[in-house]
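# Need coordinates for the following:
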Amino acid sequence: MSKYEIIIYWSQDDEAYIAEVPELPGCMSNGKTYFEALQNVETIISEWIETAKGLNRPIHEPKGRLIYA
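Sure thing, here's the model as predicted:
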């Protein structure tokens, strides 16, 4: 289980739950259920990090909870 913040919300347009990881640009997934979206994004986080390592791109450490105004 990652330590990155994950935002999950329902998308009427996609008719699915969307899970986004704000600290990892472009890292997102979806699922038919909340739990499925969470499971899927955990896999995508791992893949995102492996791809970034392979491309020698920076990987930000998890900051924990983000604060939005």
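
# Not counting residues beside it along the chain, what's closest to residue 28?
Leaving aside its sequence neighbours, residue 28 sits nearest to residue 20 (C-beta to C-beta, 6 or more residues apart in numbering; 4.5 Å). Glycine gets a C-beta too; all of them are placed from N, C-alpha and C.

# just checking, the one you found touches residue 30?
No: Residue 20 is beyond contact range of residue 30, at 9.8 Å (criterion: C-beta atoms under 8 Å).

# Return the residues in contact with the residue nearest to the spatial centre of the chain.
Closest residue to the average C-alpha location of the chain: residue 21 at 3.2 Å, with C-alpha atoms, centre = their mean. For residue 21, the contacting residues are 2, 4, 5, 6, 7, 27, 28, 41, 44, 45, 48, by C-beta atoms under 8 Å, 6 or more residues apart in numbering.

# repeat that for 10 Å
Residue 21 makes contacts with 2, 4-7, 27-29, 41-42, 44-45, 48, 62, as judged by C-beta atoms under 10 Å, 6 or more residues apart in numbering.

# So which of those are in helices?
Among those, the ones falling in helices (DSSP state H) are 41, 42, 44, 45, 48.
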